[in-house]
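A.B. asks: would you be able to build a 3D model of this:
(one chain, ligands or ions: 1)
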Amino acid sequence: MASKLLLPFLLLLALVAGSHAGSIAVYWGQYTAEGSLASACATGLYSYVNIAFLTTFGNGQTPVLNLAGHCDPSAGTCKGLSSDIKSCQSRGVKVLLSLGGASGSYSLSSAADAQSVANYLWNNFLGGSSSSRPLGAAVLDGIDFDIEATNGAHFDDLARDLSQFSSRGKKVYLTAAPQCPYPDAHLNTALQTGLFDYVWIQFYNNPSCEYTSGNIAKLTSAWKTWTSSVKATNFFLGVPASSAAAGSGYIPPNVLTSQVLPAIKGTAKYGGIMVWNRYYDEQNNYSATVKSSV
Ligand SMILES: *[C@@H]1O[C@H](CO)[C@@H](O)[C@H](O)[C@H]1NC(C)=O
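C.D. replies: So this is what the prediction gives:
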């Protein structure tokens, strides 16, 4: 009797485990031809948009926002993005400012430097106030750490300082985009704070832990390590939106939906996928193709 019930019970568990729908996060800002932020949100594909990137900050430098040809922060023309940000938020999309990126000039020289960057972010992009506000009056939902340079010193301080601002009313979401080799060379100390809501792990440009044709084992092994070693609200599988979007690690949509997602969706803290980036996503129709399986 017991064994007769066991199989249906396990099947039911598998159905329940596989039924929680995930979300899609995307990076926007580095390709002028990707269209507007508002149009990206209007597709209905995304729950989170990371505006990429604040490429220069810390160590006493004047922060610089780089949004390719979308607008020119020094001329004040990015302030017009406020209406796009509000339009995204009115659709339920959370909009974050992404710090760092693969090429930038950033580092934190001390705990005091981290606090000063946190204050700058609060006043210029979050709930504080400043006469500059590069993206205008709109209040972003949080800050994304795409830290791919520096040894990561004081980024834990920055995470703690930013999280303190949540007590002033609107929650400040903290997200991070580490590389899939664990532990991450730049973000480990910050992630150890346990303060991050969403961690979107980059499973590309990292042959030691990414998908290679016909082999999902390295990816699933790294996924298990990440999700069991780091404290965060949810984990996302970061993927290139097309084979042109990254040097390696592209997962064709049919492989993602038939092999990779079934292998990781059972994780209790599975949150969905992160797609790099909006430009290639539009070109390759990637998110639209996989969305119903995420
Ligand atoms: C993108 O994929 C969706 C879902 O499969 C499909 O409905 C749509 O027609 C596709 N769009 C293009 C431009 O191929």
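A.B. asks: would you state the strands of the stretch 151-294 of the chain in chain order?
C.D. replies: For the stretch 151-294 of the chain, the strands defined by DSSP state E, counting those that start in this stretch cover 173-176, 198-202, 234-240, 270-276.
A.B. asks: out of these, which is closest to the ligand?
C.D. replies: When the strands of the stretch 151-294 of the chain are compared by CB to the nearest ligand atom, strand 270-276 sits nearest the ligand, at 13.7 Å. Every C-beta, even on glycine, is put in place using the N, C-alpha and C of the backbone.
A.B. asks: sheet-wise, list the partners of the closest one with their directions.
C.D. replies: The pairing partners recorded for strand 270-276 under DSSP bridges are strand 23-28 (parallel), strand 234-240 (parallel).
A.B. asks: could you dump the strands of the stretch 151-294 of the chain into CSV with mean pLDDT and distance to the ligand added?
C.D. replies: Below are the strands of the stretch 151-294 of the chain laid out as CSV (pLDDT from 0 to 100; distance: least, CB to the nearest ligand atom, whole Å):
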stretch, mean pLDDT, distance to the ligand
strand 173-176, 98, 26
strand 198-202, 98, 22
strand 234-240, 99, 16
strand 270-276, 98, 14
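A.B. asks: could I get those strands as a markdown table with mean neighbour count?
C.D. replies: A markdown table is the format used below for these (neighbours: other CB atoms under 10 Å):
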| stretch | mean neighbour count |
| --- | --- |
| strand 173-176 | 25 |
| strand 198-202 | 26 |
| strand 234-240 | 25 |
| strand 270-276 | 26 |
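A.B. asks: out of the ones you listed, flag the one nearest residue 212.
C.D. replies: When the strands of the stretch 151-294 of the chain are compared by CB to CB, strand 234-240 sits nearest residue 212, at 13.3 Å.
A.B. asks: tell me the angle of that closest one relative to strand 198-202?
C.D. replies: Angle of strand 234-240 versus strand 198-202, following axes from the mean of the first three to the mean of the last three CA atoms, to 10 degrees, is 30 degrees.
A.B. asks: rewinding a little: with respect to residue 92, which of the strands paired with strand 270-276 lies nearest?
C.D. replies: strand 23-28 (10.3 Å).
A.B. asks: outside of that closest one itself, list whatever touches it.
C.D. replies: In this structure, residues lying in contact with strand 23-28 by CB atoms under 8 Å, 6 or more residues apart in numbering are 34, 37, 40, 45-52, 98, 175, 198, 200, 236, 271-278, 281, 287, 291, 294.
A.B. asks: which pLDDT value goes with residue 4?
C.D. replies: At residue 4, the model reports a pLDDT of 52.
A.B. asks: helix, strand or coil for residue 56?
C.D. replies: strand (DSSP: H, G, I helix; E, B strand; the rest coil).
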